[in-house]
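S.K.: Provide a 3D model corresponding to the input given below.
(2 chains)
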Amino acid sequence: MQLKAMVNILIVDDHPLVIDGIKTMLKDEPYVHIEAAAKNAREALAFLEDGKPVDIIFLDINLPDMDGLRLCELIREKNKTVKILGLTYVNEAGIITQLIRKGANGYLLKSMEREELIEAINRVMDGSLYLSKAANDKIIQQLQSFELPQNRIPALTRREKEILQLLSEGLTSHEIGNRLFLSNYTVDTHRKNMLQKFNVHNTQSLMNVVRELGIIA
Amino acid sequence: MRLKINPFLTVVILTCTFSWFSFPLSAQLPKEQVDSLTRELGKAKEDTNKVALLITLGNEVGYADPKKALEYGLEGHTLSKKIGFKHGTARTAYLTAITYLELNNYALADSFLNISEELFRQLNDNRSLSKILNARGNKNYMMGNYRLAAEFYTKAAEGFDKANDTATALIVYQNVIALLGQIKQYEKAVQLCKKVLPLAERTSDSLAVGYNLQALVTDLVALDKYEEAAAYINRLLWHGNTTGDQSLSAEIFSTLGTYYYRKENYAKAIEYFDIAVKKAELIDNKYQAANHYNSIGQAYYRTGNFSRAKEHLLKGMGLAREYNNKRAESNIALSLSTLYDSTGDYRNAYENMVLHSKITDSILSSETRNYASELETQYETNKKETEILRLQQEQQQKDFTLRKRNTYLVIAAGLLAATLIILGLVRKNYSTRQKLSKQQSILQEEKIISMEKQQQVVSLQSMINGQETERTRIAKDLHDGLGGIFSTVKMHYSTLQQDTPQIKNNSLYKKTLDLINNASDELRKVAHNMMPEVLMKVGLAEALQDFCNNISSGKLLKITLQTFGMEERLNSSTEIILYRIIQELVNNIIKHAYATEALIQINREGNRLSVVIEDNGRGFDTKEAEERRSMGMATVKSRVDYLNGRLTIDSRKDIGTTVMIDLLING
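M.R.: Below you'll find the model as predicted:
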């Protein structure tokens, strides 16, 4: 694949070996120029302050002086156009989604191969989002277990259902406790959990909501 | 035979609670005054005065009705928070804590102590902070953690000394004396008593002096130092007669009775035990009265007045049963057995002996369950104590048998048939006793095993913190160090293809590339298990979501996570510990429950946090599980304890298991 214009890159990583590895992979790409490498967040921000041209930032999320997620957010606040590619060794959905939320354009695992790196550079320069294949799989896995918002009536635990039933029969916490062999304290915790779940402030409103939703008759 | 007496060498521990505004050892308010305060409460406005009133009332009713005191404490706490009365919030938290302590709810007591400690620290109220230390000492004393109790008492005493508050420091000293008595360090207790006595006298607080003298004489009697004790007897008697604190007075007369009993002056002993009974009944302390009746019974026995002895022992037995005073019941059964034996009523003697052994067993085993001490000295003392108990019992068995043989000869001359029956009884008796003594030694072994287990839990607790710090460090090292190197190796290696395209066809090259990939994946997994990055960087809810997704993608178990009020992060060590707890519980579900679905639910509202984990698996018998608790469950339990939380397991066969953890989080 041919790169159209000169691409200037800033690598932010405290690991000299990794910087070296990226340089090696990109040595035969005439359009890619590694502008600089920063060992920490401070150096990276100072470099960006100088106003030197940078198109892509490779950003390690583990830095000695600042959390990489926070740094990503900071850079994005100051500069809306620069492309940011997260670069890490971990492959966890929670980290990937956070990074994208904080304004990154893509996510690369450090264990990538050369072709992947070149593709990532091309894709983000085209304006699309790039996730390395393994990261992509993780995100899909997360999406699969995610339910659409309209389906999200909070689930009730078994105990909560029982307590709800007895509440609807007009029993007090104390009576419910006796019936189910639970302490008052435990019954009350379940009841408070349900109030919070359905975002109501007293038992009466709770009963109204669950009847409306058809959870109990 | 020698009658074994259990002198009631009790020394009470004290909380610095009795009143907030006056000297802590001051006696109770009269009932009419409490009633008028209660009426005032009904009319009070929602302001700081009402909080003060609630605190006073809470402290007053705390003597007799801790549950009521708890209500006052909690009401005052809520009110103080509502009107932004920081002093009140702190004091009511303290009142609530010590009341929970009285009700033996140690976890909640701890939570409230934490809350009030934090506030008093902010208010720079060092005197109250020392009171909290004393309360922590009491908590550990009650739980049998004597070494920790001693540490807290020492710190509390230092605090009061620094503030030149001798009056309150005395309470702490008195507690240390009680502690020393409890671990049978009578010599040291006596030494300390003698040091504290002049201090108490200087504050001219007669109650403090009374408590001190009672402890001093009790400890001296325990050491058989009657002559030394004699020097204090008159003063002790004076305090017993004049103090307004009836419970102290009852203890004093019981101590005096024991002193004379030991000196074999039974008439005097009876006189004083009688007063102790009357005083105990006056303040409705039937629990303690049972013990005093036993003492009187024993004293009458020694004077040869068997019928009076029997009358008092039976009265005591009735009270002990009615008020569930197991220890008294057991002691009285032993006294009765001896008494019946002397009157030739062997059937009753035997039955009471069996009763005594049975209760002793149950006390021992319930103590075993409650045992939470890490103290080695205590372990040693207990071992000796049970050894003595066993020796005494053996001695009794010998005595019993000898006596009976003599009697049998007499009876056999007249009534051969009767002898045969009795012989049969004796054989049965003897073999039962043998069995009992075997049971005793088995119990002893169990006790040791249980103590070892407890010790494991304690050390586990202290391990948790270090373990997690270490795990975080190792995970970071793996990522940054080895991970970086692996990544770079792969980067260079894949560039090699670019430089020398034909190398792609080399099978060794391909194999090596695969191996590098495998190693790198493996490393990532290990580091992830050590400490998930998302837990550190993003938070508990997201980390659990990842965890659930990973398990659900395996298709065997579908886990749903729902969280409420978890937008803000908890402090990171709480997050890590909760994550580990949930991880372990889910692992248990996977390993044992044969469930297809599970639900994890977290609710946070203010500082209340509750975690519910529920599965639809085959369930188990919770009692059985308690007994054969797996190491996994034990670490869950100790982690929950570490967070001062409450763990409730509720499992039904073929329906599933619900585990609930609730706790108060700080800040």
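S.K.: after the longest helix along chain A comes which helix or strand?
M.R.: As assigned by DSSP state H, the longest helix anywhere in chain A is helix A:184-197. Following helix A:184-197 in sequence order, the next helix or strand is helix A:203-212 (DSSP states H and E).
S.K.: C-alpha coordinates for the longest helix of chain A, CSV please?
M.R.: The C-alpha trace of helix A:184-197 is given here as CSV (Å, rounded to 0.1, in the frame of the first residue of the first chain):
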residue,chain,number,x,y,z
ASN,A,184,-34.5,-7.4,59.4
TYR,A,185,-31.2,-5.9,58.4
THR,A,186,-30.9,-8.2,55.4
VAL,A,187,-34.5,-7.7,54.3
ASP,A,188,-33.9,-3.9,54.5
THR,A,189,-30.7,-4.2,52.4
HIS,A,190,-32.6,-6.0,49.7
ARG,A,191,-35.4,-3.5,49.8
LYS,A,192,-33.0,-0.5,49.6
ASN,A,193,-31.3,-2.2,46.6
MET,A,194,-34.6,-2.4,44.8
LEU,A,195,-35.5,1.2,45.5
GLN,A,196,-32.2,2.3,44.0
LYS,A,197,-32.6,-0.1,41.1
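S.K.: who touches that helix?
M.R.: Residues outside helix A:184-197 that contact it (Cβ atoms under 8 Å, 6 or more residues apart in numbering or on different chains): A:154, A:156-157, A:159-160, A:163-164, A:167, A:173-174, A:176-177, A:180, A:201-203, A:206, B:562, B:564-565, B:601, B:603, B:605, B:608, B:610, B:612, B:648, B:660, B:662. In this view, the C-beta of every residue, glycine as well, is placed from N, C-alpha and C.
S.K.: buried ones only from those residues, please, as a PyMOL command.
M.R.: A single PyMOL command selects the buried members of the contacts of helix A:184-197 (16 or more other Cβ atoms under 10 Å in any protein chain shown):
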select buried, (chain A and resi 154+156+157+159+160+163+164+167+173+176+177+180+203+206) or (chain B and resi 562+564+601+603+608+610+612+648+660+662)
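S.K.: quick check, residue B:510 in a strand?
M.R.: No: with DSSP: H, G, I helix; E, B strand; the rest coil as the criterion, residue B:510 is assigned helix and is not in a strand.
S.K.: show me the contacts for it.
M.R.: Residues near residue B:510 by Cβ under 8 Å, 6+ apart: residue B:504.
S.K.: give me that answer again for 6 Å
M.R.: Counting by Cβ atoms under 6 Å, 6 or more residues apart in numbering or on different chains, residue B:510 makes contact with nothing.
S.K.: where does the prediction get shaky in the chain?
M.R.: In the absence of a named chain, this looks at chain A. A:1-4, A:145-152, A:217 (pLDDT under 70).
S.K.: if you could check chain B rather than the one you did, that'd help
M.R.: Applying pLDDT under 70 to chain B flags residues B:1-31, B:62-64, B:363-414, B:418-419, B:450, B:453-462, B:622-631, B:667.
S.K.: chain A contacts on that one?
M.R.: Residues of chain B lying close to chain A by Cβ under 6 Å from any Cβ of the partner chain are B:479, B:483-484, B:487-488, B:490-492, B:494-495, B:520, B:533-534, B:537-538, B:542, B:546, B:549, B:552-553, B:562, B:564, B:599, B:603, B:605, B:610, B:612, B:614, B:658, B:662.
S.K.: and those residues, which of them are buried?
M.R.: Using 16+ other Cβ under 10 Å, the buried ones in the residues of chain B next to chain A are B:479, B:483-484, B:487-488, B:490-491, B:494-495, B:520, B:533-534, B:537-538, B:542, B:546, B:549, B:552, B:562, B:564, B:599, B:603, B:610, B:612, B:614, B:658, B:662.
S.K.: out of those, list just those in helices.
M.R.: B:484, B:487-488, B:490-491, B:494-495, B:520, B:533-534, B:537, B:542, B:546, B:549, B:552.
S.K.: how near is the residue of the stretch 201-350 of chain B found nearest chain A to residue B:286?
M.R.: With Cβ to the nearest Cβ as the measure, residue B:324 is the residue of the stretch 201-350 of chain B nearest to chain A, at 20.8 Å. According to Cβ to Cβ, to the nearest Å, residue B:324 and residue B:286 sit 10 Å apart.
S.K.: neighbour count winner among those two?
M.R.: residue B:286 (15 against 10; other Cβ atoms under 10 Å in any protein chain shown).
S.K.: verify the stated contact: that one with residue B:319.
M.R.: Yes: with contact defined as Cβ atoms under 6 Å, residue B:286 reaches residue B:319; the gap is 5.2 Å.
S.K.: secondary structure class for the nearest residue to residue B:38 once chain neighbours are set aside?
M.R.: Using Cβ to Cβ, 6 or more residues apart in numbering or on different chains and skipping the chain neighbours, the partner closest in space to residue B:38 is residue B:57 (6.7 Å). Three-state assignment for residue B:57 (three-state DSSP): helix.
S.K.: buried ones in stretch B:302-309?
M.R.: Quick answer for stretch B:302-309 (16+ other Cβ under 10 Å): B:302, B:308-309.
S.K.: for that stretch, measure first residue to last.
M.R.: Start-to-end span of stretch B:302-309 (Cα to Cα, to the nearest Å) is 9 Å.
S.K.: and the residue in the stretch 1-150 of chain B that chain A sits nearest to, how far is that from residue B:567?
M.R.: Here the stretch 1-150 of chain B gets closest to chain A at one residue, residue B:108, 9.2 Å apart by Cβ to the nearest Cβ. Look at residue B:108 and residue B:567: by Cβ to Cβ, they are 27 Å apart.
S.K.: mind listing the strands for the stretch 551-667 of chain B?
M.R.: B:558-564, B:597-605, B:608-615, B:646-652, B:656-664 (DSSP state E, counting those that start in this stretch).
S.K.: oh, I was asking about chain A
M.R.: For chain A, the strands defined by DSSP state E cover A:7-12, A:32-38, A:56-60, A:83-88, A:106-109, A:130-131.
S.K.: which other helices and strands does the fourth one contact?
M.R.: Pointing back at strand A:83-88 there. strand A:56-60, strand A:106-109 (3 or more Cβ pairs under 6 Å, 6 or more residues apart in numbering or on different chains; DSSP states H and E).
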